[in-house]
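K.L.:
Quick one: sequence plus predicted model below, questions after.
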Amino acid sequence: GPPGSQKTTGFVFPNIFHICNAYKNLDEKADLIITDPKTEIFEKTSSFLEQNGYEIQTLDFWELKYGNAFNPIDAINDDKTLLEVSEGYIRSVLASSGGDFDSFWDGQQAQLLGALIGFIKQTKTKEYQTFSEVLRILTSKDVSDYERAETFFKRNSIVGTPLKLWKSYLAISSAPETKSGIDGGLAEKLKLFTISGIENITSKTDIDITKLGRKKEKPIALFIFMKDNDRTYSPLINVILTTIFKQLYITAYETGNKLENPVYFILEEMANIGKISGMQEMLGTMRGRRIYPMMIWQSLAQMKDRYKDGFEDIMSMCDTHV
C-alpha cells in the first residue's frame, strides 16, 4: 500500500496484538522480529508485549544510542555464511543507493570482503572480529601495497576459503588501476563503520539469535529502529536480517527441521532493507520450518526494483496478498 493507506495502523498493530494473544494460553510462544521505521511500533506495542511476558530487545539505527548490540561477524561459522554475508552486504549498499550489482567490480569487492572477514576470524580475538577492524586492515599497507599483500595471508597462516578468496583477489588486482578500483570501492562501501555509534552497535553481541525459535523462559520481540527517509544503515540492517534468517534454518535443522516456537517477521519498509540474499529460495521452505515473514511494500514497483524479475516469484510464494 502507498503512504497513508494505514499499513501500520490497519495491518502491523493488529497482527502484533493478535500474535501475542493467539499464543497467550499455549505452551509455545511466538518470537517477533519487527523493523520499525519511525519507532512508533515500539512506542505503541512494547509495553503490551512486555506485560504479556515478552523480552524486549532493540537495535537502534535511528539515534545510535540505545538498546542492544549485534555483530553479524559473530554468527559466521562456515564458508557458506561467510560468502552470503559478504555478497549480501555489497548488494545492499548498492540497493540503498539505487545501483545494481556489477558482475565484476562488485563481485571482486564481495570476494575481498569475504577474504578479510575470514582473516580476522582466524587471527583476531573476538573483540576485534568486527567490520571496523576489516576497514582498518583494508586501508593498511598490508593490503594497499601489492608486494606486502602478496605475502600477507601466508605470513599470518590463513587457510581455507579466505585464502582462496585472497589468492583470487591478488590474481585479478595485479594491475594497479584494477586494485585501486577494488580496494577503493570496498572502502567506500564500508565507510559507515567510521561512525562511532555504528562501531558501538556492531562491536559486540548481546542478542542471542540462537534462542529464536527455541523453547525458553520468555519469547523475544526484537525491534529494529530504522529511518524511512535515510538508507545509510540499510546494508547493516540487511546483513543482520540475513544472519537471523540463516540462523533460524540452522536452529530448525537441530530441532527436527521445524522450530520449537514459531518466528514472525513484520518487515515494514521492506524496500529500505535492500535485497535479502536467498529470500526467493527461502520463501519456498520457510513455512515448513515455522518462519513466517510479512513483507510490507509501498508498491509492486519497489519489489521489482529490489528483486528484478524475481518479484513475481516472491508474489507467488506468498499465500496472502493485502
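P.N.:
Done, it's in. Numbering: from 1, shown residues only.

K.L.:
The stretch 101-250 of the chain: strands as residue ranges?
P.N.:
Applying DSSP state E, counting those that start in this stretch to the stretch 101-250 of the chain gives strands spanning 220-226.

K.L.:
Flag the shaky bits of it, pLDDT-wise.
P.N.:
Within the stretch 101-250 of the chain, not a single segment meets pLDDT under 70.

K.L.:
So which residues of it form helices?
P.N.:
Remark: helices assigned in the stretch 101-250 of the chain by DSSP state H, counting those that start in this stretch are 105-123, 131-138, 141-144, 146-155, 161-172, 176-189, 196-201, 234-254.

K.L.:
what sits against the residue nearest the centre of the chain?
P.N.:
In the chain, the residue lying closest to the centroid (CA atoms, centre = their mean) is residue 239, at 2.0 Å. Counting by CB atoms under 8 Å, 6 or more residues apart in numbering, residue 239 makes contact with 72, 85, 88, 89, 92. Just so you know, the C-beta spots here come from the backbone N, C-alpha and C atoms, and that holds for glycine as well.

K.L.:
mind listing what the last one touches?
P.N.:
Which is residue 92. 234, 235, 238, 239, 273, 274, 275 are the contacts of residue 92 under CB under 8 Å, 6+ apart.

K.L.:
possible to save the residues you listed as a markdown table with distance to residue 196?
P.N.:
Shown next, in a markdown table, are those (distance: CB to CB, whole Å):
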| residue | distance to residue 196 |
| --- | --- |
| 234 | 19 |
| 235 | 18 |
| 238 | 21 |
| 239 | 19 |
| 273 | 24 |
| 274 | 24 |
| 275 | 28 |
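
K.L.:
for these, which one is nearest residue 42?
P.N.:
Using CB to CB, residue 273 comes nearest to residue 42 of the contacts of residue 92, at 17.2 Å.

K.L.:
ok, the closest one to residue 199 distance?
P.N.:
Using CB to CB, to the nearest Å, residue 273 is found at 21 Å from residue 199.

K.L.:
if you count what's nearby, which of those two comes out ahead?
P.N.:
residue 273 (26 against 16; other CB atoms under 10 Å).
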